[in-house]
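no sequence on hand, only this structure:
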């Protein structure tokens, strides 16, 4: 059985996590153009991945539908 050292306040895990990361969640003021460009590139890359995934899903649905209807 583990015990906490005396004088240390116990908090639920979600509060410990939020207290630890409270400063890291604040938006950065005056972001550099490079970080802005990187952020834009990441958003574009994510959009491409989503579009590819949706196309693959549509293809799989079409194949399954053709199989269920006995066309393949």
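Looks like it came in fine. All of these numbers come straight from a predicted model, not from anything done at the bench.

and the closest residue to residue 72 other than its chain neighbours, what pLDDT?
Counting by CB to CB, 6 or more residues apart in numbering, residue 72 lies nearest to residue 66, which is 4.8 Å off, once chain neighbours are set aside. (Each C-beta comes from the backbone N, C-alpha and C, glycine too.) As predicted, residue 66 sits at a pLDDT of 96.

show me where this structure has helices.
If DSSP state H is used as the criterion, the helices of the chain fall at 13-20, 33-68.

looking at the shortest one now, give me its mean pLDDT.
Right, the one you point to is helix 13-20. This predicted structure assigns helix 13-20 an average pLDDT of 56.

in stretch 53-60, what's buried?
With burial defined by 16 or more other CB atoms under 10 Å, not one residue of stretch 53-60 is counted as buried.

so what touches that stretch?
With CB atoms under 8 Å, 6 or more residues apart in numbering as the contact definition, stretch 53-60 has no outside contacts at all.

returning to that earlier point: any idea how far the residue nearest to residue 72 is from residue 50?
When distances are taken as CB to CB, to the nearest Å, residue 66 and residue 50 turn out to be 25 Å apart.

swap in residue 42?
When CB to CB is the yardstick, residue 42 and residue 50 sit 13 Å from each other.

one step back: how many residues are close by the residue nearest to residue 72?
Residues contacting residue 66 under the criterion other CB atoms under 10 Å number 11.

repeat for residue 39
When counting by other CB under 10 Å, one arrives at 11 neighbours for residue 39.

and it, how far from residue 48?
Separation of residue 39 from residue 48 (CB to CB) stands at 15 Å.

check residue 57 too.
For residue 57, the distance to residue 48 equals 15 Å [CB to CB].

could you do residue 67 as well?
Plainly put, residue 67 is 29 Å away from residue 48 if you go by CB to CB.
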